[in-house]
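Engineer: got a sequence here, can you build the structure:
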Amino acid sequence: MRYDGVQMSLFEVYRDTLEVLESDKPQLFKLLDEHLDWDEIIPFSFYKAFYKRYGRTRRYSLDSFLKALFLQRIFHYVEDAQLLNTLRFSYEMRRYCGFDKVPDASKITRFKQDFCTHIRDVFEHLVTLTEPVCRKMDKILADMIVFDTTGIESYVAENNPKFTEGKLRQAKAYGKAQSKYSSSGKPSQGFDPHLFRNTLMPKFAASNPYVKYQYINGHFCYAQKAVIVANGMGIVRHMELLDDDFKKSHPELDITKRKGNPELDKELGDSVTLKPVLRDFRSKHPTFTYSTFSADAAFDSYDNYTFLLGEQGFSKAVIPINPRNSSAAKSADFNDQGIPLCPKDKAPFLFHSKSGGKNRSVRFKFVCPKSKKVYSQPNSTTWRSECANPCTSAIYARCVYVYPNKNHRLYPGLLRGSDEFAKIYNHRVSVERSIGAFKQTLGIAGRKTRNTATTKADLFLVGIVQLLCVLLADKLHNQSLAKSPRKLIAA
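Structural biologist: Predicted coordinates for the structure are as follows:
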């Protein structure tokens with residue numbers, strides 16, 4: 001072959017052709033090829049299990065499957081058919097994944113179900129790889145654990161609105177038959193057809209007994225419950241699907257119906273899942289340490305505070321008080337935030353200081369709300385009472401000392417109602433945003449599947465996608481990519 005009178009070798013032809021192909025590669029695939037080492041990401045045990053011979057070799061490689069499933073979430077392909085169609089018509093995407101032939105949809109589903117445990121191993125390995133990255137991004141937020149639960153709705157007939165409306169019609173027909181409606185057509189006092197409908201709904205879906213009727217994300221639906229543990233930045237650290245395998249590994253966990261009301265049962269379920277989930281997280285990552293824990297009021301219980309501040313080693317547990325878990329008779333000396341009250345007008349005392357901690361028990365000091373700080377000397381201050389009818393003869397007014405170790409629920413390592421408590425609790429929204437991104441941006445909410453193993457694999461796959469984005473953000477020195485796959489596509 002000659003080109004402009006110059007003889008070209010076969011190697012030069014190959015090199016020039018390769019350069020043309022590389023220059024024509026989309027920027028996203030160049031980015032992924034340059035910065036993601038799948039041999040480092042995928043544990044050796046996964047390779048060993050995948051390539052274990054059963055009489056024939058594998059047509060498709062392990063890397064190809066994981067790359068394709070990663071791109072499926074990045075491009076928001078909810079259904080596998082969308083992914084496979086794109087692979088058929090996109091040579092660049094097919095070449096990046098390493099497919100010489102596009103696999104069938106059944107092979108994608110079988111891969112998730114057969115290797116669900118190993119997909120979880122990839123996720124756990126990425127958690128280890130991204131922990132120092134998170135600490136580098138923000139030391140304070142990376143030292144915080146945020147705990148939340150959610151539900152992954154399944155593609156079952158019971159989630160069809162027509163099914164729900166049919167049960168509501170049955171409830172209304174029952175009410176009319178029992179004369180629970182007035183002559184004007186309105187339900188009589190004490191009968192609510194919507195509440196009665198809940199008693200008619202099946203406890204679980206007919207196609208999968210693990211898809212249960214519960215109150216999730218502000219509405220009743222049939223879903224599989226999951227736990228998401230993230231840091232203060234919303235970067236996931238641990239995930240659990242509360243399936244049969246999880247229950248068998250924790251026989252002490254009792255997730256059963258107690259009230260007949262799915263909303264109340266959900267809160268009880270949240271509280272009892274805290275201990276086994278955090279213990280599993282610690283066992284998988286024993287070197288990880290965190291100082292602050294945050295969760296919503298569903299986890300408010302005396303046992304949980306003792307567990308968090310004792311066994312788990314957290315110094316602060318930011319959980320709002322749940323009125324349902326509180327006694328109806330309040331203490332005459334303290335309000336529900338643990339603040340002492342004036343014995344005469346019940347005004348809350350003022351927080352003065354915190355002392356102790358090394359060789360002495362930690363204690364909080366509160367002073368009378370009608371006392372003022374005054375200067376006794378040029379560089380010295382003291383407190384003086386301005387109460388017209390004081391309850392003590394002390395000139396500096398009444399003081400109350402509280403020992404938090406005696407009541408972890410009222411004093412979970414910091415003062416309830418303080419600016420610090422509110423600031424930490426506000427970071428709990430980060431895990432809710434991550435859950436929203438998992439469901440909407442990464443498409444786990446719209447899947448047309450009811451299988452538990454597939455749901456579990458998809459749950460860990462969206463966690464893998466987020467953690468891979470964290471690794472890419474670190475290598476590109478662009479933290480904005482850490483939780484935004486859409487920005488990654490546009491990078």
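
Engineer: burial count for residue 287?
Structural biologist: 7 (other Cβ atoms under 10 Å). For glycine as for every other residue, the C-beta is placed from the backbone atoms N, C-alpha and C.

Engineer: could you check the pLDDT of it?
Structural biologist: Residue 287 carries a pLDDT value of 94.

Engineer: same question for residue 429.
Structural biologist: 92.

Engineer: any idea how many residues pack against it?
Structural biologist: Neighbours of residue 429 (other Cβ under 10 Å): 11.

Engineer: buried set for stretch 195-206?
Structural biologist: Using 16 or more other Cβ atoms under 10 Å as the test for burial, stretch 195-206 gives 196, 197, 198, 201, 204, 205.

Engineer: nope, stretch 166-179 is what I meant
Structural biologist: Across stretch 166-179, burial judged by 16+ other Cβ under 10 Å covers 167, 171, 172, 174, 175.

Engineer: chain neighbours aside, what residue packs nearest to residue 94?
Structural biologist: Distances taken as Cβ to Cβ, 6 or more residues apart in numbering place residue 87 nearest to residue 94, at 5.1 Å, with adjacent residues excluded.

Engineer: need the contact partners of the host helix or strand of the one you found.
Structural biologist: According to DSSP states H and E, residue 87 maps onto helix 80-89. For helix 80-89, contacts defined as Cβ atoms under 8 Å, 6 or more residues apart in numbering pick out 68-69, 71-72, 75, 77, 93-94, 97, 99, 102-105, 108-109.

Engineer: what average pLDDT does stretch 388-403 get?
Structural biologist: The model assigns stretch 388-403 a mean pLDDT of 75.

Engineer: list the buried residues in stretch 239-257.
Structural biologist: Residues 239, 240, 241, 242, 243, 246, 250, 253, 255 are the ones in stretch 239-257 that count as buried (16+ other Cβ under 10 Å).

Engineer: what's the distance between the fourth one and residue 303?
Structural biologist: Which is residue 242. Per Cβ to Cβ, to the nearest Å, residue 242 is found 19 Å from residue 303.

Engineer: so for the closest residue to residue 443 other than its chain neighbours, what's the pLDDT?
Structural biologist: Among residues not flanking residue 443 along the chain, residue 78 sits closest, at 4.1 Å (Cβ to Cβ, 6+ apart). For residue 78, the model assigns a pLDDT of 89.

Engineer: tell me the secondary structure for residue 78?
Structural biologist: Of the three states, residue 78 takes coil according to DSSP: H, G, I helix; E, B strand; the rest coil.

Engineer: wait, isn't it in contact with residue 442?
Structural biologist: No - using Cβ atoms under 8 Å as the test, residue 78 is too far from residue 442 to be in contact (9.3 Å).

Engineer: neighbour count for the two, which is higher?
Structural biologist: residue 442 (22 against 16).

Engineer: residue 488 versus that one, what's the distance?
Structural biologist: From residue 442 across to residue 488, the span is 12 Å (Cβ to Cβ).

Engineer: can you name the residues that contact the closest residue to residue 488 other than its chain neighbours?
Structural biologist: Of all residues not flanking residue 488 in the chain, residue 481 sits nearest, at 5.2 Å (Cβ to Cβ, 6+ apart). Counting by Cβ under 8 Å, 6+ apart, residue 481 touches 469, 472, 473, 487, 488, 491.

Engineer: redo that, cut-off 6 Å
Structural biologist: Counting by Cβ atoms under 6 Å, 6 or more residues apart in numbering, residue 481 makes contact with 469, 472, 473, 487, 488.

Engineer: now the residues you listed in TSV, with distance to residue 351?
Structural biologist: Conversion of these to TSV gives the following (distance: Cβ to Cβ, whole Å):
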residue	distance to residue 351
469	42
472	45
473	40
487	43
488	46
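
Engineer: just the buried residues out of these, in ChimeraX syntax.
Structural biologist: Applied in ChimeraX, the following selects the buried portion of the contacts of residue 481 according to 16+ other Cβ under 10 Å:
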select :469,472,473,488
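
Engineer: low-scoring stretches of this structure, by residue?
Structural biologist: Scanning the chain for pLDDT under 70 picks out the ranges 1-25, 53-56, 180-190, 254-269, 324-332, 357-361, 375-380, 489-491.

Engineer: ok, then the element right after the host helix or strand of residue 433?
Structural biologist: Using DSSP H and E, residue 433 sits within helix 429-436. Next helix or strand after helix 429-436 toward the C-terminus (DSSP H and E): helix 452-475.

Engineer: which non-adjacent residue is nearest residue 386?
Structural biologist: Take residue 386 and drop its neighbours on the chain: the residue closest to it by Cβ to Cβ, 6+ apart is residue 370, 5.3 Å away.

Engineer: what sits against residue 132?
Structural biologist: Residue 132 touches nothing, counting by Cβ under 6 Å, 6+ apart.

Engineer: and it, how far from residue 470?
Structural biologist: Here residue 132 is placed at a distance of 11 Å from residue 470 (Cβ to Cβ).

Engineer: just the buried residues of the biggest strand by length in the chain, please?
Structural biologist: Counting residues, the longest strand found in the chain (DSSP state E) is strand 219-231. Within strand 219-231, the residues scored as buried using 16+ other Cβ under 10 Å are 220, 221, 222, 223, 224, 225, 226, 227, 228, 229, 230, 231.

Engineer: which of the residues you listed lies closest to residue 434?
Structural biologist: Each of the buried residues of strand 219-231 was checked against residue 434 using Cβ to Cβ; the closest is residue 230, at 5.7 Å.

Engineer: burial of the nearest residue to the closest one once chain neighbours are set aside, as a residue count?
Structural biologist: Leaving aside its chain neighbours, residue 230 sits nearest to residue 431 (4.3 Å; criterion: Cβ to Cβ, 6+ apart). Other residues near residue 431 come to 27 when the count uses other Cβ under 10 Å.
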